[in-house]
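Trainee: From the sequence below, what's the structure:
(one chain, ligands or ions: 2)
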Amino acid sequence: MAEKIIFDTDPGIDDTIALFLALASGKFDVLGLTTIFGNVHTDLATTNALRLLEIAGRTDIPVAHGADKPLVRPYHGPVPHIHGADGQGDVNLPPPSTKAIDQSAAQFIVEQVMSQPGEITLVPVGPLTNIALALHIQPKIAEKVKRVVLMGGAALVPGNVNPAAEANIFNDPEAAHVVFSAPWDVTMVGLDITHQVLLTDEQLKAFAASDKATSQHVGKIIPLYLDFAHKMMGRQVMYMHDPTAISYLLKPELFETRQYPVRVETQGMSSGKTWVWSRTGDFPPDHFGYNVDHPATIVVGADVEAVNAMTLSYV
Ligand code: BDR
Ligand code: CA
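Mentor: Ligands and ions are numbered 1, 2, ... in the order given. As a prediction, this is how the structure comes out:
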């Protein structure tokens, strides 16, 4: 049976590949997209979510507009040098012909999860603000979701915004703290694994060469990201951050995981760091005096060739 998911996203080039992978696989019942700031402002994230569903011919999937800013701090702002000023590689898509539903992302999540207990997997691939707000509205969602599989964090490796933090957690550390502290089943698909799962410019050519509208769109938006990668690392490669969360859901047997409690730093120069510590009892309480002791599942390794082959099989 198709796994029911709510995809919480800030599209974003890798968000786009992840969404299209999820849809192309046919293995998910995508109940809705919820939008969040991150790669772009939330308004543009919503516009892009609607545009992408139109390209995929899936305007039946509702889009709920999410939070415009982090829980307690200002938004750091978009990253046009990575994803384009439009979040879609500066390809100037036409405006969508559909609209977001008249319900906030957090309300949508709460309503869906409470009405289908034990069935829904939340898949956040942006800052975790909507998920934290949903927990605030209805803490019982923690026991009613099936699980949370998120892209974000860096457990045993450096961050990508700075040495400490990965972008999604950096953008709202307080929200991430709420999500990792809640008593639910969380899997963290962070930089530990997504910096291993990458596609080269040669492999990425499959997108433009495909006859699918979705893949052709991806083929148009990736050059901007590849330019960025070339400037940063001297290599034209695409880190498959958000798609790896979908790949993990599709074939968990290709991945290696570990169990650790996660503590999110919310202060100072390491704000956004996802600390893990195996000696549970010795994990010091955080700034809120809260002691997280239940482990999250941290994805740390994969058969990368097999993961990439699976991704490319859906292009
Ligand atoms: C994450 O940050 C965003 O730029 C990407 O879409 C991904 O979700 C990677 O750190
Ligand atoms: Ca994202």
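
Trainee: give me the number of residues near the closest residue to Thr214 other than its chain neighbours?
Mentor: Leaving aside its chain neighbours, Thr214 sits nearest to Phe20 (4.2 Å; criterion: Cβ to Cβ, 6 or more residues apart in numbering). Every C-beta, even on glycine, is put in place using the N, C-alpha and C of the backbone. Neighbour count of Phe20, defined by other Cβ atoms under 10 Å: 25.

Trainee: So which elements touch the host helix or strand of Phe20?
Mentor: According to DSSP states H and E, Phe20 maps onto helix 13-25. If contacts are counted by 3 or more Cβ pairs under 8 Å, 6 or more residues apart in numbering; DSSP states H and E, helix 13-25 sits against strand 3-9, strand 28-35, helix 42-55, helix 213-233, strand 237-239, helix 241-250.

Trainee: make it 6 Å
Mentor: Applying 3 or more Cβ pairs under 6 Å, 6 or more residues apart in numbering; DSSP states H and E, one finds that helix 13-25 contacts helix 213-233, helix 241-250.

Trainee: do the last one and ligand 1 meet?
Mentor: Yes. Counting by Cβ under 6 Å from any ligand atom, ligand 1 has neighbours in helix 241-250: 241-242.

Trainee: Now the element after that helix, going C-ward?
Mentor: Assigned by DSSP H and E, the successor of helix 241-250 is strand 255-260.

Trainee: and the residue nearest to Pro223 when sequence neighbours are not counted, helix, strand or coil?
Mentor: Excluding the flanking residues, the one nearest Pro223 by Cβ to Cβ, 6+ apart is Gly89, at 6.6 Å. With DSSP: H, G, I helix; E, B strand; the rest coil as the basis, Gly89 sits in coil.

Trainee: for Gln259, what are its contacts?
Mentor: Residues counted as contacts of Gln259 (Cβ atoms under 6 Å, 6 or more residues apart in numbering) are Pro295.

Trainee: Use 36 as the first number for this chain going forward.
Mentor: Right, with 36 as the first residue, what we last looked at is Gln294.

Trainee: if I look at it, how far off is Thr332?
Mentor: Going from Gln294 to Thr332 by Cβ to Cβ, to the nearest Å gives 6 Å.

Trainee: The residue nearest to Thr249 contacts Ser250, correct?
Mentor: No. With contact defined as Cβ atoms under 6 Å, Phe55 does not reach Ser250; the gap is 7.1 Å.

Trainee: who in the stretch 86-235 of the chain is up against ligand 2?
Mentor: Listed as neighbours of ligand 2 in the stretch 86-235 of the chain under the rule Cβ under 5 Å from the ion: 160-161.

Trainee: All the strands of the stretch 86-235 of the chain, in order from the start?
Mentor: Using DSSP state E, counting those that start in this stretch, the strands found in the stretch 86-235 of the chain span residues 98-99, 155-159, 182-186, 221-224, 233-235.

Trainee: Tell me which of these sits nearest to ligand 1.
Mentor: Closest approach to ligand 1 among the strands of the stretch 86-235 of the chain (Cβ to the nearest ligand atom): strand 182-186, 4.9 Å.
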